[in-house]
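Q: need a 3D model of the following:
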Amino acid sequence: MQTELTLTARAVAVLETSDPTEKALATRRHAALWRDGMVAAVGDSHPPERPGRPDRPELISPTKVKKRKIGTGTAGRAALLHALAHIELNAIDLAWDIVARFAGSTPEPPQAFLDDWVQVADDEAKHFLLLAERLKQLESAYGALPAHDGLWQASQDTAHDLLTRLAIVPMVLEARGLDVTPAMIAKLRAAGDDDSADRLQIIHDDEITHVAAGKRWFDWLCGERGLDPAETWRELVRTNFRGMLKPPFNEDSRAKAGMPPDFYGALV
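A: Numbering: from 1, shown residues only. Predicted structure coming up:
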């Protein structure tokens with residue numbers, strides 16, 4: 001039996017949830033219902049300006065977030081996992097925001113678009129729970145350290161246009177994760193922390209599909225608007241991304257996501 005709560009209403013409910021664990025668990029429940037055909041309609045609920053957040057972590061400027069060396073001691077590894085957990089929590093909200101904000105945009109995206117972003121939200125929730133569990137094993141917890149609000153700022157900066165959102169969030173920010181995660185995995189393994197490394201490998205492999213989803217729907221929307229994808233992406237990045245694309249790039253993972261070197265190389 002289908003439930004009355006629409007998909008966008010579920011997206012907004014997750015966005016408004018402050019407790020991180022409940023946000024992740026609710027995401028997994030809603031995603032399962034959507035996949036099973038138990039959600040009757042897409043709906044037209046609008047996302048909040050800011051998602052619900054717990055009292056901690058304290059949000060500070062990105063330049064003030066301390067970097068700690070990854071070693072055999074737990075402090076550095078816990079700091080790394082905490083930073084990644086914060087990214088994954090924001091990524092849950094970013095995925096649901098794209099569902100609620102753009103489900104009824106023009107041209108209206110097909111159901112496959114919604115399928116992809118609900119799956120992305122589900123993956124991000126899985127990632128957060130994996131990292132939160134590992135933090136507890138290291139005698140820490142999400143919220144124990146300060147974090148920054150840069151990812152959600154990217155959401156606000158791209159709220160006006162789906163094409164811009166896709167160009168910046170999955171195709172720049174998540175693609176950057178593909179570049180840096182393998183080095184983190186190597187450092188964790190060198191420190192003897194295969195458990196944490198294995199969790200990051202799961203995250204990395206899933207993120208390839210997220211970047212691929214961004215590229216797929218970016219190309220689709222460019223086609224709908226009569227735009228060249230490569231030229232349009234480069235112009236949107238130059239206009240809307242605060243910073244530069246930084247090598248070295250994980251060319252193999254980026255290529256698997258549909259972004260070969262000649263697509264992004266001109267922006268280096």
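Q: could I get the pLDDT score of the residue nearest to Ser18 when sequence neighbours are not counted?
A: Closest residue in space to Ser18, ignoring its immediate chain neighbours: Gly52 at 3.7 Å, by Cβ to Cβ, 6 or more residues apart in numbering. (Glycine included, C-beta is placed from N, CA and C.) Model confidence at Gly52, given as pLDDT, is 96.
Q: Gly52 and Glu22 touch, don't they?
A: No. Using Cβ atoms under 8 Å, Gly52 is not in contact with Glu22, being 9.6 Å away.
Q: which of the two has more residues huddled nearby?
A: Using other Cβ atoms under 10 Å, the more surrounded residue of Gly52 and Glu22 is Gly52, with 16 against 12.
Q: show me where the stretch 151-268 of the chain has its helices.
A: Remark: helices assigned in the stretch 151-268 of the chain by DSSP state H, counting those that start in this stretch are 162-168, 175-190, 194-225, 229-240, 251-256, 261-264.
Q: need those in CSV with mean pLDDT, can you?
A: Shown next, in CSV, are the helices of the stretch 151-268 of the chain (pLDDT from 0 to 100):
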stretch, mean pLDDT
helix 162-168, 98
helix 175-190, 97
helix 194-225, 98
helix 229-240, 96
helix 251-256, 98
helix 261-264, 95
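Q: which one of the ones you listed lies nearest to Leu131?
A: helix 194-225 (6.6 Å; Cβ to Cβ).
Q: in space, what's closest to Leu84 - neighbours in sequence excluded?
A: Leu131 (5.6 Å).
Q: tell me who's in contact with the one you found.
A: Contacts for Leu131 (Cβ atoms under 8 Å, 6 or more residues apart in numbering) come out as Leu81, Leu84, Ala85, Glu88, Tyr142, Arg199.
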